[in-house]
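Asks: Structure here, sequence nowhere to be found:
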């Protein structure tokens, strides 16, 4: 007799779908928390450390829902492109007339995630992205060498917000023509005291890729390790 889905999930590591997966910073954290992870990204990501499908993330999610294969998963993480609403786009770039037009995929991502019936997370950086900031994490919470503030909308589950500790100092580099040293590095751009690739790897705990573009977009695995552990703890308490 086939066991109910809830029992089958309990007997194995739950499977997580990682949409807009980039190089796998989020995926590694969930893996360490206890999930098996499948990634989806439109770009070729040969350094992604888990099973991976190259293609449009929303098309893949829609296909999984239509076929019923979404039932293989217990949780979904989505990091839709953030350029439309991130602080750099709406701040410095807009004031200087830099950059271009960016498509906001948050709303269509949420619509499909709601259709899955699964618990989920939507991640975005600080800025004007239209997500609920149910959870905000910072590198200082995990004593990392980056600040990298990130906001998370939680769908179909909740967790208490951790306290945001005071930063230990400045992010190293130039800002408005003034150079400051500090305990954190800037994991984006180049020049002006910004982090080198090895510095970014060390500061975020990401060793499996040395591609600058992937590192500048990555979520430190410590963030999703915390989120994944919090969800599995809650799910276990509910099941008990």
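Replies: Okay, I see it. What you are looking at is a predicted structure, and each value in this text was computed from that prediction instead of being measured.
Asks: Going by C-alpha atoms from here, please, whenever you check contacts or count neighbours.
Replies: OK.
Asks: Could you give me the buried positions within the longest helix along the chain?
Replies: For the chain, the helix with the greatest residue count under DSSP state H is helix 221-239. The neighbour-count check on helix 221-239 (16 or more other CA atoms under 10 Å) flags 221, 222, 223, 224, 225, 226, 227, 228, 229, 230, 231 as buried.
Asks: State the helix or strand in which the nearest residue to the fourth one once chain neighbours are set aside lies.
Replies: The reference is to residue 224. Leaving aside its sequence neighbours, residue 224 sits nearest to residue 29 (CA to CA, 6 or more residues apart in numbering; 4.7 Å). Using DSSP states H and E, residue 29 maps to helix 25-33.
Asks: just residue 39 next, same as before
Replies: If you go by DSSP H and E, residue 39 is part of strand 36-41.
Asks: Tell me where the model's unsure across the chain.
Replies: Residue ranges of the chain with pLDDT under 70: 1-11, 83-102, 240.
Asks: can you pull out the strands in the chain?
Replies: With DSSP state E as the criterion, the chain has strands at 15-19, 36-41, 52-54, 75-78, 120-125, 135-137, 150-155, 173-175, 178-180.
Asks: And those: which comes nearest residue 186?
Replies: When the strands of the chain are compared by CA to CA, strand 173-175 sits nearest residue 186, at 7.4 Å.
Asks: Which other helices and strands does the closest one contact?
Replies: Contact here means 3 or more CA pairs under 8 Å, 6 or more residues apart in numbering; DSSP states H and E; on that basis strand 173-175 packs against strand 178-180.
Asks: Direction included, what does the strand it packs on pair up with?
Replies: strand 173-175 (antiparallel) (DSSP bridges).
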